[in-house]
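**Q** only geometry, no sequence info:
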(Lines give C-alpha, C1' and ligand atoms only; values in the text may rest on other atoms or scores of the structure.)
Protein backbone atom coordinates (compact mmCIF):
# COMPACT_ATOMS: atom_id res chain seq x y z
CA UNK A 1 0.00 0.00 0.00
CA UNK A 2 0.99 3.60 -0.60
CA UNK A 3 -0.25 6.96 0.56
CA UNK A 4 -0.93 9.68 -2.03
CA UNK A 5 -0.53 13.45 -1.62
CA UNK A 6 -4.00 13.80 -0.14
CA UNK A 7 -3.29 11.18 2.50
CA UNK A 8 -5.47 8.50 0.91
CA UNK A 9 -4.32 4.91 1.03
CA UNK A 10 -3.68 3.41 -2.38
CA UNK A 11 -3.59 -0.28 -3.26
CA UNK A 12 -2.02 -1.68 -6.39
CA UNK A 13 -4.24 -3.92 -8.51
CA UNK A 14 -3.61 -6.00 -11.62
CA UNK A 15 -5.93 -5.99 -14.59
CA UNK A 16 -5.85 -8.72 -17.20
CA UNK A 17 -6.73 -7.46 -20.67
CA UNK A 18 -6.71 -9.09 -24.11
CA UNK A 19 -3.52 -8.50 -26.06
CA UNK A 20 -5.43 -6.63 -28.79
CA UNK A 21 -6.70 -4.13 -26.21
CA UNK A 22 -3.26 -3.57 -24.71
CA UNK A 23 -1.87 -3.07 -28.23
CA UNK A 24 -4.51 -0.39 -28.91
CA UNK A 25 -3.73 1.26 -25.57
CA UNK A 26 -0.03 1.33 -26.43
CA UNK A 27 -0.73 2.66 -29.94
CA UNK A 28 -2.89 5.44 -28.48
CA UNK A 29 -0.27 6.10 -25.78
CA UNK A 30 -3.05 6.08 -23.22
CA UNK A 31 -2.11 6.33 -19.55
CA UNK A 32 -4.15 3.30 -18.49
CA UNK A 33 -3.56 3.76 -14.80
CA UNK A 34 -4.66 7.39 -14.86
CA UNK A 35 -7.62 6.61 -17.12
CA UNK A 36 -8.88 3.82 -14.87
CA UNK A 37 -8.38 5.89 -11.74
CA UNK A 38 -10.33 8.79 -13.27
CA UNK A 39 -13.17 6.58 -14.48
CA UNK A 40 -13.45 4.80 -11.14
CA UNK A 41 -13.50 8.11 -9.28
CA UNK A 42 -16.31 9.26 -11.55
CA UNK A 43 -18.16 5.98 -11.10
CA UNK A 44 -17.77 5.84 -7.31
CA UNK A 45 -17.49 9.56 -6.65
CA UNK A 46 -19.74 11.53 -4.34
CA UNK A 47 -22.41 12.04 -7.00
CA UNK A 48 -24.51 9.13 -8.17
CA UNK A 49 -23.93 8.44 -11.85
CA UNK A 50 -27.09 8.46 -13.98
CA UNK A 51 -27.42 6.59 -17.26
CA UNK A 52 -27.45 9.90 -19.16
CA UNK A 53 -24.30 11.06 -17.41
CA UNK A 54 -22.66 7.70 -18.05
CA UNK A 55 -23.57 7.91 -21.77
CA UNK A 56 -22.18 11.46 -21.89
CA UNK A 57 -18.94 10.32 -20.31
CA UNK A 58 -18.61 7.40 -22.71
CA UNK A 59 -19.29 9.71 -25.67
CA UNK A 60 -16.77 12.25 -24.38
CA UNK A 61 -14.17 9.49 -23.95
CA UNK A 62 -14.80 8.24 -27.49
CA UNK A 63 -14.51 11.76 -28.90
CA UNK A 64 -11.33 12.32 -26.94
CA UNK A 65 -9.82 9.10 -28.27
CA UNK A 66 -10.90 10.00 -31.83
CA UNK A 67 -9.21 13.40 -31.51
CA UNK A 68 -6.12 11.72 -30.14
CA UNK A 69 -6.06 9.29 -33.07
CA UNK A 70 -6.39 12.19 -35.53
CA UNK A 71 -3.53 14.03 -33.81
CA UNK A 72 -1.42 10.87 -33.88
CA UNK A 73 -2.20 10.35 -37.57
CA UNK A 74 -1.20 13.96 -38.34
CA UNK A 75 2.00 13.54 -36.32
CA UNK A 76 2.78 10.31 -38.19
CA UNK A 77 2.24 12.09 -41.52
CA UNK A 78 4.64 14.81 -40.37
CA UNK A 79 7.21 12.20 -39.40
CA UNK A 80 6.79 10.45 -42.76
CA UNK A 81 7.21 13.76 -44.58
CA UNK A 82 10.35 14.51 -42.54
CA UNK A 83 11.71 11.04 -43.27
CA UNK A 84 11.15 11.66 -46.99
CA UNK A 85 12.99 14.97 -46.83
CA UNK A 86 15.89 13.37 -44.95
CA UNK A 87 15.98 10.49 -47.46
CA UNK A 88 16.11 12.99 -50.34
CA UNK A 89 18.84 15.00 -48.61
CA UNK A 90 20.89 11.83 -48.15
CA UNK A 91 20.38 10.86 -51.79
CA UNK A 92 21.44 14.34 -52.91
CA UNK A 93 24.47 14.24 -50.63
CA UNK A 94 25.46 10.79 -51.90
CA UNK A 95 25.06 11.92 -55.52
CA UNK A 96 27.20 15.00 -54.83
CA UNK A 97 29.84 12.78 -53.20
CA UNK A 98 29.85 10.43 -56.21
CA UNK A 99 30.22 13.47 -58.49
CA UNK A 100 33.10 14.84 -56.39
CA UNK A 101 34.78 11.43 -56.37
CA UNK A 102 34.46 11.28 -60.17
CA UNK A 103 36.02 14.72 -60.52
CA UNK A 104 38.80 13.78 -58.10
CA UNK A 105 39.49 10.57 -60.04
CA UNK A 106 39.57 12.41 -63.37
CA UNK A 107 41.88 15.06 -61.89
CA UNK A 108 44.20 12.41 -60.50
CA UNK A 109 44.34 10.72 -63.91
CA UNK A 110 45.04 13.95 -65.80
CA UNK A 111 47.18 15.84 -63.31
CA UNK A 112 49.11 12.93 -61.80
CA UNK A 113 51.58 14.12 -59.18
CA UNK A 114 52.16 17.47 -61.03
CA UNK A 115 55.87 17.57 -60.22
CA UNK A 116 56.30 20.78 -62.23
CA UNK A 117 53.46 22.59 -60.46
CA UNK A 118 51.92 23.47 -63.82
CA UNK A 119 48.35 22.66 -62.78
CA UNK A 120 48.74 24.44 -59.46
CA UNK A 121 49.71 27.60 -61.39
CA UNK A 122 46.53 27.24 -63.47
CA UNK A 123 44.29 27.73 -60.44
CA UNK A 124 42.42 31.04 -60.84
CA UNK A 125 43.88 32.47 -57.61
CA UNK A 126 47.41 31.68 -58.85
CA UNK A 127 46.84 33.20 -62.30
CA UNK A 128 45.70 36.81 -61.76
CA UNK A 129 46.94 37.88 -65.21
CA UNK A 130 45.00 35.10 -66.96
CA UNK A 131 48.07 33.64 -68.65
CA UNK A 132 46.84 30.07 -68.13
CA UNK A 133 43.14 30.64 -68.91
CA UNK A 134 43.24 28.60 -72.14
CA UNK A 135 44.93 25.69 -70.38
CA UNK A 136 42.47 25.98 -67.49
CA UNK A 137 39.48 25.77 -69.84
CA UNK A 138 41.08 22.78 -71.58
CA UNK A 139 41.52 21.10 -68.19
CA UNK A 140 37.89 21.76 -67.25
CA UNK A 141 36.63 20.36 -70.56
CA UNK A 142 38.94 17.33 -70.20
CA UNK A 143 37.55 16.65 -66.73
CA UNK A 144 34.01 17.04 -68.11
CA UNK A 145 34.71 14.48 -70.83
CA UNK A 146 36.21 12.00 -68.35
CA UNK A 147 33.26 12.42 -65.98
CA UNK A 148 30.73 12.14 -68.78
CA UNK A 149 28.84 15.22 -67.60
CA UNK A 150 29.36 18.96 -67.63
CA UNK A 151 31.63 20.04 -64.79
CA UNK A 152 31.82 23.55 -63.44
CA UNK A 153 35.13 25.40 -63.26
CA UNK A 154 34.63 25.91 -59.52
CA UNK A 155 34.24 22.14 -59.01
CA UNK A 156 37.50 21.51 -60.84
CA UNK A 157 39.25 24.24 -58.85
CA UNK A 158 37.96 22.76 -55.58
CA UNK A 159 39.03 19.26 -56.60
CA UNK A 160 42.46 20.47 -57.75
CA UNK A 161 42.98 22.34 -54.47
CA UNK A 162 42.12 19.19 -52.54
CA UNK A 163 44.44 17.14 -54.73
CA UNK A 164 47.32 19.61 -54.29
CA UNK A 165 46.70 19.70 -50.54
CA UNK A 166 47.13 15.92 -50.27
CA UNK A 167 50.44 15.90 -52.14
CA UNK A 168 53.53 15.77 -49.91
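**A** Great, that's in hand. Source: prediction; values computed, not measured. Numbers count the residues shown, from 1 in each chain.

**Q** and the longest helix along the chain, what does it pack onto?
**A** In the chain, assigned by DSSP state H, the helix with the most residues is helix 51-111. If you count contacts as 3 or more C-beta pairs under 8 Å, 6 or more residues apart in numbering; DSSP states H and E, helix 51-111 packs onto helix 19-28, helix 133-147, helix 153-166. For glycine as for every other residue, the C-beta is placed from the backbone atoms N, C-alpha and C.

**Q** C-terminal to it, which secondary structure element comes first?
**A** Scanning forward in sequence from helix 51-111 by DSSP states H and E, the next helix or strand is helix 118-122.

**Q** What residues of that next one count as buried?
**A** Judged by neighbour count using 16 or more other C-beta atoms under 10 Å, the buried positions of helix 118-122 are 119, 122.

**Q** So which elements touch it?
**A** helix 133-147, helix 153-166.

**Q** switch to 7 Å and redo it
**A** Helix 118-122 sits against helix 133-147, with contacts defined as 3 or more C-beta pairs under 7 Å, 6 or more residues apart in numbering; DSSP states H and E.

**Q** Let me have the helices and strands packed on helix 51-111 in TSV, adding mean neighbour count and mean pLDDT as columns.
**A** Below are those laid out as TSV (neighbours: other C-beta atoms under 10 Å; pLDDT from 0 to 100):
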stretch	mean neighbour count	mean pLDDT
helix 19-28	11	89
helix 133-147	16	91
helix 153-166	16	86
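
**Q** where does this structure have low pLDDT?
**A** Low-confidence segments of the chain (pLDDT under 70): 44-49, 114-115, 167-168.

**Q** 80 instead, please
**A** By pLDDT under 80, the low-scoring segments of the chain are 1, 4, 6-8, 10, 39-51, 53-54, 57, 112-117, 164-168.

**Q** one step back: run the angle between the longest helix of the chain and helix 19-28 for me.
**A** Orientation check (axes from the mean of the first three to the mean of the last three C-alpha atoms, to 10 degrees): helix 51-111 against helix 19-28 gives 60 degrees.

**Q** just how off-centre is helix 51-111 within its chain?
**A** Helix 51-111 sits 7 Å away from the centroid of its parent chain (C-alpha atoms, centre = their mean, to the nearest Å).
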